[in-house]
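Asks: Build me a model:
(one chain, ligands or ions: 1)
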Amino acid sequence: MGIVAHPMPQKKDATKTVFFTSLITEKMKILVATEKPFAKKAVDGIRKIVEDAGYELALLEKYTDKADLLAAVKDADALIIRSDKVTAEVVDAADKLKIVVRAGAGYDNVDLAACTAKGIVVMNTPGQNSNAVAELVLGMMVFMARNQFTPGTGTEIKGKRLGVHAYGNVGRIVAKNGKALGMEVLVFDPYVPAEVFAADGVKAASSIEELYANSDYLSLHIPATAETKKSIGYKLLMSMPKGATLVNTARKEVIDEEGLAKAFTERDDLKYITDIAADTQAELNEKFGKRVFSTAKKMGAETSEANVNAGLAAASQIVDFFVNGNTKFQVNK
Ligand code: 3PG
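Replies: Here you go, the predicted model:
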């Protein structure tokens, strides 16, 4: 109980907020809803930030039933999620929700239109889990180069060409790490100015076709958007050099699975490793054996460090939003 400053969404332009101080009788409730829970250290840190601000923390972890999320979100003022789906139904069930923070980078799991229509601010925590994902890319490349850690002669990644598709927070670290390991790095990102590539000393391909045709390893870092969904398929894969490996720590939706299967049928040298199982993963495994591999559950951001970074950033962003109206990381502006 107490006097706190908090934002009230305006009725007309719901994503803009006005701030005032009001007497409220109940503590604001911050719900952490994570089907894939944060490490304990991260939850403890989130709790401290939330409680120090005078709010209450509610935890919904490892839920398997959507009904649990619908019930938990009912009286939540703020929501922290990971890849958890915030659908129109979830938004509809949330009577008091003012802000959703996706503790991570990709927010394709959040129905932005539904949130915006209800005046709910949506944020992500860019960069906070990037190193973890970038390190997994290295591990995946080595894993595939060494016959999935089974006996036999493998290859080294030193001296190979690494294509980085999209030069965001993860792509930049992957490029840097690749260079450090003696790989020849080529990047492609039409949204990044040439000066950035020059400053980082990375070679930029002038087209997506040039990137794929010159990559022994191709690491995907594009988000899943209307433009990118199913954009990586037959043509690009067929253009890759002999023995090339596609590494996906981005989203399964960006792959045209039918096109991939066709290319892999025609070329027995291509390989695919993914951190997000394809819808047709069982078929791919059966048809292509050790040329394909999927982790059991998305694990790119599954490090204690990334959980702490992203989880605490999410909690801090919520407090900063309620207290100061900071919307720096808002993605539905
Ligand atoms: C992200 O978009 O930040 C990553 O895909 C990590 O997702 P996760 O929080 O579900 O592990």
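
Asks: how about the residues of this protein near the ligand?
Replies: Residues of the chain lying close to the ligand by C-beta under 6 Å from any ligand atom are 36, 82-83, 104-106, 129, 298, 300-301. Where C-beta positions appear, they are placed from N, C-alpha and C, glycine not excepted.

Asks: redo that, cut-off 8 Å
Replies: Residues of the chain lying close to the ligand (C-beta under 8 Å from any ligand atom) are 36, 82-84, 102-107, 124-125, 129, 133, 249-251, 276, 298-302, 306, 310.

Asks: Among the residues you listed, name the buried ones.
Replies: Buried subset of the residues of the chain next to the ligand (neighbour count, 16 or more other C-beta atoms under 10 Å): 82-84, 102-107, 124-125, 129, 133, 249-251, 276, 298-302, 306, 310.

Asks: Just the ones of those in strands?
Replies: 102, 124 (DSSP state E).

Asks: so what pLDDT did residue 26 get?
Replies: Reported pLDDT at residue 26 in the predicted model: 80.

Asks: now do residue 15
Replies: According to the prediction, residue 15 has pLDDT 41.

Asks: Most proximal residue of this structure with respect to the ligand?
Replies: Per C-beta to the nearest ligand atom, the residue of the chain with the smallest distance to the ligand is residue 104, at 2.5 Å.

Asks: show me what contacts that residue?
Replies: Applying C-beta atoms under 8 Å, 6 or more residues apart in numbering, we find residue 104 in contact with 82-83, 124-125, 128-129, 301, 310.

Asks: next one: residue 258
Replies: Applying C-beta under 8 Å, 6+ apart, we find residue 258 in contact with residue 233.

Asks: Let me know the secondary structure of residue 185.
Replies: strand (DSSP: H, G, I helix; E, B strand; the rest coil).

Asks: same question, the one 10 residues further on
Replies: Per three-state DSSP, the secondary structure class of residue 195 is helix.

Asks: so what's it scoring on pLDDT?
Replies: pLDDT for residue 195: 97.

Asks: pLDDT weak spots in the chain?
Replies: For the chain, the stretches with pLDDT under 70 are 1-25.

Asks: All the strands of it, residue numbers only.
Replies: Under the criterion DSSP E, the chain carries strands at the ranges 2-9, 17-24, 29-34, 56-61, 78-81, 99-102, 121-124, 161-165, 184-188, 203-204, 217-220, 245-248, 271-274, 292-294.

Asks: give me every residue that touches residue 182.
Replies: Residue 182 sits next to 158-159 when contact means C-beta under 8 Å, 6+ apart.

Asks: picking that back up, export the strands of the chain to JSON lines and tack on distance to residue 46?
Replies: Compiled in JSON lines, the strands of the chain are given as follows (distance: least, C-beta to C-beta, whole Å):
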{"stretch": "strand 2-9", "distance to residue 46": "18"}
{"stretch": "strand 17-24", "distance to residue 46": "21"}
{"stretch": "strand 29-34", "distance to residue 46": "6"}
{"stretch": "strand 56-61", "distance to residue 46": "7"}
{"stretch": "strand 78-81", "distance to residue 46": "7"}
{"stretch": "strand 99-102", "distance to residue 46": "11"}
{"stretch": "strand 121-124", "distance to residue 46": "15"}
{"stretch": "strand 161-165", "distance to residue 46": "32"}
{"stretch": "strand 184-188", "distance to residue 46": "34"}
{"stretch": "strand 203-204", "distance to residue 46": "38"}
{"stretch": "strand 217-220", "distance to residue 46": "30"}
{"stretch": "strand 245-248", "distance to residue 46": "29"}
{"stretch": "strand 271-274", "distance to residue 46": "29"}
{"stretch": "strand 292-294", "distance to residue 46": "30"}
